[in-house]
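# Predicted model and sequence below, questions to follow.
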Amino acid sequence: MDMSAEERIVVGPKICSGKPCIRGTRIMVKNILGMLAGGYSLERIIRAYPELVLEDVSAALDYASQVIDEEKVIVRS
């Protein structure tokens, strides 16, 4: 099944307390981003979460990019 990034990420009050996650899982976008920030490779993330495919990880990055683009950036001193 070929799904778009918009179809891969779900946000709902009854799933992970409304945090964005990968459809059909309880794997939150923030977990994937944290792993990438911590130096995990894409392959290592998929090994850690075998229910994911590369397109899911890509969708998480795309979702984060869209959110950052829409939100007001907070400047930290």
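Received, thanks.
# Check which helices and strands the longest helix along the chain is in contact with.
For the chain, the helix with the greatest residue count under DSSP state H is helix 54-70. Identification of packing neighbours for helix 54-70 by 3 or more Cβ pairs under 8 Å, 6 or more residues apart in numbering; DSSP states H and E yields helix 5-8, strand 9-10, strand 21-22, helix 29-37, helix 42-48. For glycine as for every other residue, the C-beta is placed from the backbone atoms N, C-alpha and C.
# got the angle between that helix and helix 29-37?
Computed with axes from the mean of the first three to the mean of the last three Cα atoms, to 10 degrees, the direction of helix 54-70 lies at 100 degrees from that of helix 29-37.
# which other residues reach helix 54-70?
Residues outside helix 54-70 that contact it (Cβ atoms under 8 Å, 6 or more residues apart in numbering) are 3, 5, 8-9, 20, 22, 27, 29, 32-33, 36, 42, 45-46.
# Please list only the buried members of the residues you listed.
Buried subset of the contacts of helix 54-70 (neighbour count, 16 or more other Cβ atoms under 10 Å): Ala5, Arg8, Ile9, Pro20, Ile22, Ile27, Val29, Ile32, Leu36, Ile45, Ile46.
# Taking these, tell me the two that lie furthest apart.
Set against one another by Cβ to Cβ, the buried ones among the contacts of helix 54-70 have their most distant pair in Pro20 and Ile46, with a gap of 18.7 Å.
# Fine, thanks again, bye for now.
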